[in-house]
Each structure stands twice: as C-alpha cells, then as structure tokens.
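Trainee: sequence and predicted structure below; questions after.
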Amino acid sequence: MPIYFVRHGQSEFNAVFRTGDDDPMIFDAPLTDLGRQQAIEARAEITKLGIRHVITSPLTRAIQTAQLLFPDGVSMEVRAGHHELLLHSCDVGRRPEELSNDFPHLEFGHLAEEWWHSDGTAGITVEPEDAFKSRIADFVRHLDTIMTRPLLIVGHGNAFNEIIGRKLANCEVHRYC
C-alpha cells in the first residue's frame, strides 16, 4: 500500500522571505490565507487516495495543513523526524505544551521539550547538514514499521528534497512508494 508526501501550504514566513533577505523572525510560522486555500484545494485530490493514516510534522504549518486536508477526521499523529531543516526562525518549533493548547485533539506528550535542533541557547541554531541527513534517514527507515496504509505524510520542502531529490510545491501531492 502506498505512502504519499504533501508539503504544507504557504506559511507566513514563505510569503515574505526571499533568499538574501534578513530573516523576518516569524517563529513556527502558521499558514497564510493562501496556504489554507492551497490545502483546501488539495483536499479533492487527496480524498481520492483513500488515506487511512496521517503523520504530520510538529511545526504549526504542517499540522494546520493536515487538519485542512482532513476536516472530517482521519487517524492522525504528530512525529518529529521529518520536520524542516532548521535554517530560519520559521523552523524553530514550539514546546509540546504550547502545541497542545493550540491543537488539543492531538497528542504531543511523546515529543521532547525541544524536539527541533537546538544547542541549548536562545535563538536560531542552524542545524548541521550531517545531523539533518541522519535524522531524515532515521525517519525513512522507520516508515517500514507503519502498517496502516495508505499513509499520508505532511512535511517540509528540505525534508522531502532529502528523501526524493526535489522540493515539493506547497500542497503538492507526491506518491513516494
């Protein structure tokens, strides 16, 4: 049974940041109106796939996308591992307690307090490439243990690029296997 990948919809960070610009300092960036619309439009295609289980990254934009793709509910879990490469403010996550307040129907208790890359100091700690590659490889290895399929994974551009060799567009659906 197949596994599908979907990149989150446009985030507030995506809407304003251009390479070479200063980081706009939008931590754990939520979706924009356009990002919400992208997810709603992708729902029609995803509905045809018969998805039985969803895994989403703990970053807000991914969770919001997953919820918009499945407004009537489907088995959904939050996992760290395929979250975005930490390069900018938008890639810094929030603690499980904060996420639980915003998404009370999802379970976050299994996440570490700082599940994103951090060196223990305040601010943005860029994730080393080798640590990112290792984290993504671990995530891919664990996909074989997930028996509920068809499976949809909602995630991020750099993570999917590491797995399939290209960045997905916002809310693009890709059949992985």
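Mentor: Here it is on my side, so go on.
Trainee: make it CA atoms for all contacts and neighbour counts henceforth
Mentor: Fine.
Trainee: ok, and the closest non-adjacent residue to the residue nearest the centre of the chain?
Mentor: For the chain, the residue nearest the mean C-alpha position is G155 (2.9 Å; Cα atoms, centre = their mean). Using Cα to Cα, 6 or more residues apart in numbering and skipping residues adjacent in sequence, the residue nearest G155 is R7, 5.0 Å away.
Trainee: return the distance of that neighbour relative to E113.
Mentor: R7 is 24 Å from E113, where distance means Cα to Cα, to the nearest Å.
Trainee: can you count the residues close to the residue nearest to G155?
Mentor: Counted with other Cα atoms under 10 Å, the neighbours of R7 add up to 27.
Trainee: ok, now which ones touch it?
Mentor: Taking Cα atoms under 8 Å, 6 or more residues apart in numbering, we find R7 in contact with A62, V154, G155, H156, G157, F160, L168, A169, N170, C171, E172, V173.
Trainee: so which of these sit within helices?
Mentor: Of the contacts of R7, the ones assigned to helices by DSSP state H are A62, G157, F160.
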